[in-house]
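Enquirer: A predicted structure for the sequence below; I have some questions about it.
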Amino acid sequence: MINDVEILHLFLEVLHKWKNLFYFNTWTKQKHFYFLTSYLSDQLLIPCFLDMSLKGITISQEKISTGLNTTSKEIENILTSIDLTQNCLNSSVQFTEYIKTTKQEIHTLEKIWPQTNSGHFVQKNLIFKIKKSSNGFQNFLKLLKKTVFFNFLKQ
């Protein structure tokens, strides 16, 4: 099993370089990789989609397929709740028009984001003063999270 863990670590390192799946932490400007972050923090994504046995580690296509279906349905539910379509989300022009015409709360984010006494934006324990705005913003964050996860599963 120790060899399997070493192989998994090497696999993740190669996958990061090959697929270049990373994101930047906007607070620290550090580059993070989805797989590695998941593995190091809560080890959620990797064990969910791998079958580990005494024979070794294999990727479970069944679990990935189930994850894709579930995530796709969750994305559709979120899109419906914010009155957005998949086509509109995929088009920068249509999405910009959607934000401008529907007056979604996301464009007023700078005004509603909680701030410290010195005027800097709070990054932890966010408590929005306007409930409606915070709900709208949370829906966009959920959509982003689910979309990134869906793209991760499609890889």
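Expert: Received the coordinates, thanks.
Enquirer: elements contacting the top helix by length along the chain?
Expert: Longest helix in the chain by number of residues (criterion: DSSP state H): helix 131-154. Judged by 3 or more C-beta pairs under 8 Å, 6 or more residues apart in numbering; DSSP states H and E, helix 131-154 is in contact with helix 61-81, helix 109-112. In this view, the C-beta of every residue, glycine as well, is placed from N, C-alpha and C.
Enquirer: please identify the buried residues of the first one?
Expert: By neighbour count, and taking 16 or more other C-beta atoms under 10 Å as the criterion, the buried residues in helix 61-81 are 64, 67, 71, 74-75, 78-79.
Enquirer: same check, this time on stretch 80-88
Expert: 82, 84, 88.
Enquirer: what comes into contact with it?
Expert: 75-76, 79, 94-95, 98, 102, 104, 136, 139-140, 143 (C-beta atoms under 8 Å, 6 or more residues apart in numbering).
Enquirer: and the longest helix of the chain, average pLDDT?
Expert: Helix 131-154 carries an average pLDDT of 73.
Enquirer: what angle separates it from helix 61-81?
Expert: Here helix 131-154 points in a direction 150 degrees away from that of helix 61-81 (axes from the mean of the first three to the mean of the last three C-alpha atoms, to 10 degrees).
Enquirer: using CSV, write out every CA atom in helix 131-154.
Expert: Taking C-alpha atoms only, helix 131-154 is exported to CSV below (Å, rounded to 0.1, in the frame of the first residue of the first chain):
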residue,chain,number,x,y,z
LYS,A,131,-29.8,39.2,3.0
LYS,A,132,-31.1,39.2,-0.6
SER,A,133,-27.7,40.2,-2.0
SER,A,134,-25.9,37.6,-0.1
ASN,A,135,-28.3,34.9,-1.3
GLY,A,136,-27.8,36.0,-4.9
PHE,A,137,-24.0,36.0,-4.5
GLN,A,138,-24.1,32.6,-2.8
ASN,A,139,-26.0,31.2,-5.8
PHE,A,140,-23.3,32.4,-8.1
LEU,A,141,-20.6,30.9,-5.9
LYS,A,142,-22.4,27.6,-5.8
LEU,A,143,-22.7,27.7,-9.6
LEU,A,144,-19.0,28.4,-10.0
LYS,A,145,-18.1,25.6,-7.5
LYS,A,146,-20.3,23.0,-9.3
THR,A,147,-19.2,24.0,-12.7
VAL,A,148,-15.5,23.7,-11.8
PHE,A,149,-16.2,20.3,-10.2
PHE,A,150,-18.2,19.2,-13.3
ASN,A,151,-15.2,20.2,-15.5
PHE,A,152,-12.9,18.3,-13.1
LEU,A,153,-14.9,15.1,-13.5
LYS,A,154,-15.0,15.5,-17.3
